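> sequence and predicted structure are below.
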Amino acid sequence: MRKTTIFFTGLLLAACATTTAKGPTATVETIDFTLPKPTGEQVSLAAYKGKVVLVDMWATWCAPCKESFPFYDELQKKYAGQGFDILAISVDEEDQAVTDYLAHAPVSFTVLRDPKGSLPSRLDLQTMPTAVLVGRDGKVAFIHAGFVPDDKAEIEAKVQAALAAQ
């Protein structure tokens, strides 16, 4: 394990435990990535062009992440027919941790792997989970750092607004 990965994971763990910030640490207008599923199949955000995509950066060791997963699964099921998808990006270092978690908490959305935390690092994200809502135009519509149950209404309203935008 590299020292930078240890530092990054420690930083995210501390943020996961203590932060309830509502915004990003940096202004982000667009994001792009290609990352693997736990099975190895590569998935690119570009393949979702024309859809509204919630990109959720999470980890199996993050308690608020575990709280957000059932809610995001509800959103996926509720809005999938309207052109909405969720890509959940795990920053767990070990594939097995993600596989084991999903075996006990299956979801209807796509889970991807970023064990080095490259995307959250590029975006200068400091909190787990962080959700980035990408509109049909490919631009970031909303960034939400952290998760508590009271956040559900705001996140769903942002998803509905992005789906309504042409």
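Received the coordinates, thanks.

> would you confirm that Glu94 contacts Asp100?
No: counting by CB atoms under 8 Å, Glu94 stays clear of Asp100, with 9.3 Å between them. Glycine gets a C-beta too; all of them are placed from N, C-alpha and C.

> tell me the SS of the residue nearest the centre of the chain?
Centroid check for the chain by CA atoms, centre = their mean gives Asp56 as the closest residue, at 0.8 Å. Of the three states, Asp56 takes strand under DSSP: H, G, I helix; E, B strand; the rest coil.

> what pLDDT is listed against Thr39?
Thr39 is assigned a predicted lDDT (pLDDT) of 87.

> wait, Leu54
Reported pLDDT for Leu54: 98.

> do Leu123 as well
Leu123 carries a pLDDT value of 87.

> point out where this structure drops to low pLDDT.
Flagging of the chain using pLDDT under 70 yields the residue ranges 1-27.

> let's see that with 90 instead.
The model of the chain has pLDDT under 90 over residues 1-31, 38-39, 121-126, 166.

> which residues in this structure form helices?
Using DSSP state H, the helices of the chain run over 3-18, 63-79, 95-104, 118-122, 152-164.

> relative to Ser44, which of the ones you listed is closest?
Proximity to Ser44 (CB to CB) singles out helix 118-122 among these, at 12.4 Å.

> which residues are in contact with the closest one?
Phe8, Leu12, Ile31, Phe33, Leu35, Met57, Ile89, Val91, Asp114, Thr130 (CB atoms under 8 Å, 6 or more residues apart in numbering).

> out of the residues you listed, flag the one nearest to Pro106.
Nearest to Pro106 among the contacts of helix 118-122, counting by CB to CB, is Ile89 at 17.3 Å.

> Pro64 and Asp150 touch, don't they?
No: look at Pro64 against Asp150 with CB under 8 Å: they stay out of range, at 11.8 Å.

> so these two - more neighbours on which side?
Neighbours were counted for Pro64 and for Asp150 using other CB atoms under 10 Å; Pro64 has more, 19 against 8.

> buried stuff in stretch 78-87?
Burial within stretch 78-87, assessed by neighbour count using 16 or more other CB atoms under 10 Å, is assigned to Tyr79, Phe84, Asp85, Ile86, Leu87.
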